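Peer 1: turn this into a model:
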Amino acid sequence: MAASGNDAKFFTRGKIQEFKSELQDAARGKDKKFQKRKTVLKKIVANITMGNDMSQMFPEVIQCLPIPVLEIKKMVYLFLVSYNRVRPDLIEHAIPHFQADCEDRNPLIRALAIRTMSYIPLPSIMTALIEPLRHSIKDADPYVRKTAAICVAKIYLVDFRLVEREKFIDSLKDLLKDANPTVVANAVAALTEISDRNDTMVLKFSFSLAAKLVAALENCSEWGQIYILDSLLNYVPQTSDEATIMTERIVARLQHSNSAVVLTVIKVLLYLMNYIESKQSNDYLCKKMGPPLGIISLSLRTRTYDEYLVTLLSSGPEVQYVALRNILLIIQRRPSVLKDDVKVFFCKYNDPIYVKLAKLEIIYRLARESNAAIVLTELHEYATEVDIDFVRKAVRSIGRLAIKIPPAADPCIKVLLELIDSK
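Peer 2: Residues are numbered from 1 along each chain as shown. Here you go, the predicted model:
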């Protein structure tokens, strides 16, 4: 916090000529531990952040590249990424320094060098990056390897022919078998990014590779878990047993605190259930998917409140709405997932209208003969609300309920007649 407060003083508009003089003086004189140049570079970066044009500093800033200090290299590289298009003639002077940093003993500097080069979309830089990137993919340090994986995807956006010609996609596929989970997650992310932009590229995973990806989930970030789980949709189970084994390995992720992870797990489970022949296994998975889909789950058998599970529908209205739209899609395919939980979707007085309308559709979808009475009572209450659009949808839902559940037709008609009389 103290360092952050001290850096605030750099955020004042400076004069380019003063910055030039300060860097030149520091280079000529005694600059102990490069403190003077570090201070000037901080001022330059602060001015870039404020939107001030610092491109005239290009020659002086490039001269700071050989300084073996990570903090200084970060600032110089940030400057080069910001202004490489302004002075493409001068950026080539940085190539020898980039290549030297790619062989530095410090893995942070090696990773920083290839990442920066991948962010400079100039032909000369892309060509110079080929060999360093090839070595970085096989680097002994996992941080460099994971950075290299993302760099391949970045280069693909600039020059896909280069990536295909140098067979970097094959190198990414090799990284899927890496021992480090973070490297695996980044390789998956890069391959996913590339395949989304390549109509001819189709990712196919074997059972052994899919199992390895699932094993990497435990030690991945939430971002990495989502990419890996999404990639499992490229795996086609050859037998029902394979699909069952895979669901057993990922079903525990339904308890994850991140709603995006939970929804991705559910998507994968629904996909794998298409290959499972056992009705008992599918029923079990449907039961497991219920609570994470927004149920504040309470065991009706034991009535103990410590079994409540705070999940998606306890989040803010925006997250709730996304969850509700996903739930609607799920129950259209697998209505048994939430067949006993219609009460969870009853509207609250302070729900935004878009959340209420989403819940209303789900309530209708989950209605059946055993819960028709409570659903009708709830719809009757909605039909007396003040919001005209919501009331109209509620009345329509009562009519649809009468058609969907014949034994409930007479009570529905009675409620509709009451509503007509009340108006």
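Peer 1: list the residues that contact residue 395.
Peer 2: If a contact means C-beta atoms under 8 Å, 6 or more residues apart in numbering, then residue 395 has 383, 416, 419 as its contacts. Using the backbone N, CA and C atoms, a C-beta is placed for each residue, glycine as well.
Peer 1: tell me if the last one really is in a helix.
Peer 2: Yes. Looking at residue 419 with DSSP: H, G, I helix; E, B strand; the rest coil, it is inside a helix.
Peer 1: and the nearest residue to it once chain neighbours are set aside, how far from residue 412?
Peer 2: With sequence-adjacent residues excluded and distances taken as C-beta to C-beta, 6 or more residues apart in numbering, residue 419 is closest to residue 383, at 5.5 Å. The spacing between residue 383 and residue 412, counted by C-beta to C-beta, to the nearest Å, is 11 Å.
Peer 1: circling back to that earlier point, how much space separates the residue nearest to residue 419 from residue 354?
Peer 2: Distance check for residue 383 against residue 354: by C-beta to C-beta, it reads 19 Å.
Peer 1: before we move on, back to that, would CSV of the contacts of residue 395 with pLDDT and neighbour count be doable?
Peer 2: Converted to CSV, those look like this (pLDDT from 0 to 100; neighbours: other C-beta atoms under 10 Å):
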residue, pLDDT, neighbour count
383, 92, 22
416, 92, 16
419, 88, 16
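Peer 1: okay, and the common contacts of residue 383 and residue 412?
Peer 2: Taking C-beta under 8 Å, 6+ apart as the contact criterion, the residues that touch both residue 383 and residue 412 are residue 398.
Peer 1: adding distance to residue 269, write the contacts of residue 395 out as JSON lines.
Peer 2: Listed next are the contacts of residue 395 as JSON lines, based on distance: C-beta to C-beta, whole Å:
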{"residue": "383", "distance to residue 269": "37"}
{"residue": "416", "distance to residue 269": "40"}
{"residue": "419", "distance to residue 269": "41"}
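Peer 1: and of those residues, the nearest to residue 176?
Peer 2: residue 383 (54.9 Å; C-beta to C-beta).
Peer 1: residues touching that closest one, list them.
Peer 2: So residue 383 contacts 391, 394-395, 398, 415, 419 (C-beta under 8 Å, 6+ apart).
Peer 1: for it, grab phi and psi.
Peer 2: phi -70, psi -10 (degrees, to the nearest 10).
Peer 1: re earlier: just the ones of the contacts of residue 383 in helices?
Peer 2: The helices, defined by DSSP state H, take in 391, 394-395, 398, 415, 419 from the contacts of residue 383.
Peer 1: what's the first helix or strand after whatever helix or strand residue 37 lives in?
Peer 2: Element membership for residue 37 (DSSP states H and E) is helix 35-49. Using DSSP H and E, the helix or strand that directly follows helix 35-49 along the chain is helix 58-62.
Peer 1: from residue 54, how far out is the spatially most central residue of the chain?
Peer 2: Note on the chain: the residue nearest the mean C-alpha position is residue 223, at 4.9 Å, using C-alpha atoms, centre = their mean. The gap separating residue 223 from residue 54 is 32 Å, by C-beta to C-beta.
Peer 1: ok, residue 94 next?
Peer 2: Distance of residue 94 to residue 54, computed by C-beta to C-beta: 16 Å.
Peer 1: ok, now residue 406?
Peer 2: Taken as C-beta to C-beta, the span from residue 406 to residue 54 is 75 Å.
Peer 1: between the two, tell me which one has more neighbours.
Peer 2: Using other C-beta atoms under 10 Å as the criterion, residue 406 and residue 54 rank with residue 54 on top: 20 against 9.
Peer 1: who are the neighbours in contact with the more buried one?
Peer 2: Listed by C-beta under 8 Å, 6+ apart, the contact partners of residue 54 are 16, 19, 44, 47-48, 79, 82-83.
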